[in-house]
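1. Kindly generate the corresponding structure for this input.
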Amino acid sequence: MMSWAARFRLRQYAKASLWIVPLFGLLLGAALAEWVADADGAGWLPDAWQYSASTASTVLSSVVGSMVALLGFVVTIGVLVVQQATGTLSPRYMRLWYRDRLQKAVLATFTGTFAFAYSLLRGIESDSVPDLGVTLSGVAVSVSLMLLLIYLNRFTHNLRPVAIADLVGRLGEKVLTRATERIHRSSARDEASLPPAGPSALVRSERGGVIQAFDATGLIATAVHHDCVLVLAHQVGDFVPPGTTLVEAHGSAEAPDPRRVTGLVALGTERTIEQDPAFALRILVDIAIRALSPAVNDPTTAVQVLNHIDTFLHVVGRAPLRGRYVLADGEGRPRLVVQGRGWEDYLQLGVTEIREYGAASLQVCRRLLALLQDLLETLPAERLPAVRAELALLEESVRREFTDPVRRASAQTADRQGIGGGRLPRSESSW
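-> Presented below is the predicted three-dimensional model:
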């Protein structure tokens, strides 16, 4: 039987694949052509839908050729998107771009129209013309052209860094909210006895890779079967070398089957966003620091991305984060311990590299200061020490980079637009 991890990787492949949905479109187009051929023989079509054999052959041949040309055009657009994403955005964004449903729908429509027209073209004879099929081919071409225009409009507007930042930020917020709600619904009531006394068995990874996700239900069921507590030794997003401890089993005299346990933790070549909201923040930071590189030198884009990082950090700051999560079985007994990512981790990820690479940019410093002051004013008290620590680091960077008193004073002015947005009142808790 295929393990949960293998099924997860298969789903990831299917979501990122650009050929599976078009293949279904190809098969559907061929099947629809057979149905249309049978409907033509019923003799109920109006006279206006009747064509000569030469006309039908010309129309269907044109449809076949145009669909092949449009497929090539979409592939060319895809190549350009890959070049732009890897050059000016973040290569990690490509994993999300491959999953775009509109792109797959466009490709499936093109391949389906191609198969439909080609199948009908083979059946044209002097005394047998698929009149309904020729008309539907024209309709399918019109639909294909409209989808192509929508596709072009979408990617023309949505490939801007700020649009991608908005998309990635909202996706990360959704994953974070969904994950925290699910984890806290399954949290154990009593965590004081963890890990329990008793023998400890180590389950080691058979292969290296990044932890992409884990099956909490399956791990809890395994722990119940062996009457133990399983501890996931690493958090989602960590790279695990071969032979490293992946899961610890506490409190069971009989160690669980290592293959079954490792089959419940998916390892891959790179991180995914399914159970790793920090990966969305990682993409946002990548876009911002690439805009700050000397080759691009576009601090305004970095400031725009900081707007979405600001929103994401506010969502994270209000989330009930823990250093570890203890999940229970149906009877409320602790069964699974999962490593968590704290508020400090998210905050450092969101601002550290941007501060380091953008320390010499006046508007980046001003926008970062506004971001941190907003966090000071809106987040709960337990989140504020980490924010103040980042404010102190930002102050140190500004003093180091801006030796002139006038420019330093300007860099120490909070501005949500970076430059030109007006001076914000300084928080009493900041510098």
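2. I figured A302 hits V296, correct?
-> No. Contact criterion Cβ atoms under 8 Å: A302 and V296 do not qualify, at 9.4 Å. From N, CA and C alone the C-beta is placed, and that goes for glycine too.
3. what's around the closest residue to R99 other than its chain neighbours, how many residues?
-> Nearest non-adjacent residue to R99, counting by Cβ to Cβ, 6 or more residues apart in numbering: K15, 4.9 Å away. Neighbours of K15 under the rule other Cβ atoms under 10 Å: 16.
4. Repeat that for W19.
-> 11.
5. again with E395
-> E395 has 16 nearby residues by other Cβ under 10 Å.
6. distance of it from Q412?
-> Distance, E395 to Q412, using Cβ to Cβ, to the nearest Å: 7 Å.
7. go on, T222?
-> Distance from T222 to Q412, by Cβ to Cβ: 55 Å.
8. Those two: which has the busier surroundings?
-> Ranked by neighbour count (other Cβ under 10 Å), T222 and Q412 place T222 first, with 22 against 18.
9. which SSE is that one in?
-> For T222, the host element (DSSP states H and E) is helix 216-225.
10. residues making contact with the helix or strand harbouring L349?
-> Here L349 sits within helix 343-357, counting by DSSP H and E. Residues outside helix 343-357 that contact it (Cβ atoms under 8 Å, 6 or more residues apart in numbering): 278, 281-282, 284-285, 288-289, 292-293, 302, 306, 309, 312-313, 316-317, 321, 364, 368, 371-372, 375, 383, 386-387, 390, 393-394, 397.
11. Skipping adjacent residues, who's closest to S3 in space?
-> G263 (3.0 Å).
12. likewise T113?
-> Using Cβ to Cβ, 6+ apart, the closest residue to T113 is A140 (4.2 Å).
13. Surely that neighbour is within a strand?
-> No. The assignment for A140, made by DSSP: H, G, I helix; E, B strand; the rest coil, is helix rather than a strand.
14. before we move on, back to that, and the helix holding L349, which residues are buried?
-> Using 16 or more other Cβ atoms under 10 Å as the test for burial, helix 343-357 gives 343-351, 353-355, 357.
15. Please save the CA atoms from the helix or strand just after that helix in PDB.
-> Once the chain leaves helix 343-357, the next helix or strand it forms, by DSSP H and E, is helix 362-378. This file holds the C-alpha atoms of helix 362-378, laid out as PDB (Å, rounded to 0.1, in the frame of the first residue of the first chain):
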ATOM      1  CA  LEU A 362      16.500  55.800   3.500                       C
ATOM      2  CA  GLN A 363      13.000  54.800   2.600                       C
ATOM      3  CA  VAL A 364      13.500  51.100   3.700                       C
ATOM      4  CA  CYS A 365      14.700  52.300   7.100                       C
ATOM      5  CA  ARG A 366      11.800  54.600   7.500                       C
ATOM      6  CA  ARG A 367       9.300  51.900   6.400                       C
ATOM      7  CA  LEU A 368      10.800  49.300   8.700                       C
ATOM      8  CA  LEU A 369      10.500  51.800  11.600                       C
ATOM      9  CA  ALA A 370       6.900  52.400  10.800                       C
ATOM     10  CA  LEU A 371       6.300  48.600  10.600                       C
ATOM     11  CA  LEU A 372       7.800  48.000  14.000                       C
ATOM     12  CA  GLN A 373       6.000  50.900  15.600                       C
ATOM     13  CA  ASP A 374       2.700  49.600  14.300                       C
ATOM     14  CA  LEU A 375       3.500  46.200  15.900                       C
ATOM     15  CA  LEU A 376       4.300  48.000  19.200                       C
ATOM     16  CA  GLU A 377       0.900  49.700  19.200                       C
ATOM     17  CA  THR A 378      -1.300  46.800  18.200                       C
END
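16. hmm, who's touching whichever helix or strand comes after helix 362-378?
-> Sequence order places helix 384-401 as the next helix or strand after helix 362-378, per DSSP H and E. If you take Cβ under 8 Å, 6+ apart as the criterion, helix 384-401 is touched by 343-344, 347-348, 351-352, 355-356, 359-360, 365, 368-369, 372-373, 375-376, 379, 408, 411-412, 429-431.
17. just to revisit the earlier point, for the helix holding T222, report the contacting residues that lie outside it.
-> With Cβ under 8 Å, 6+ apart, helix 216-225 has contacts from 4, 186, 229-230, 232, 247, 249, 256, 260-261, 264, 327-329, 335-336, 338.
18. That'll do, ta.
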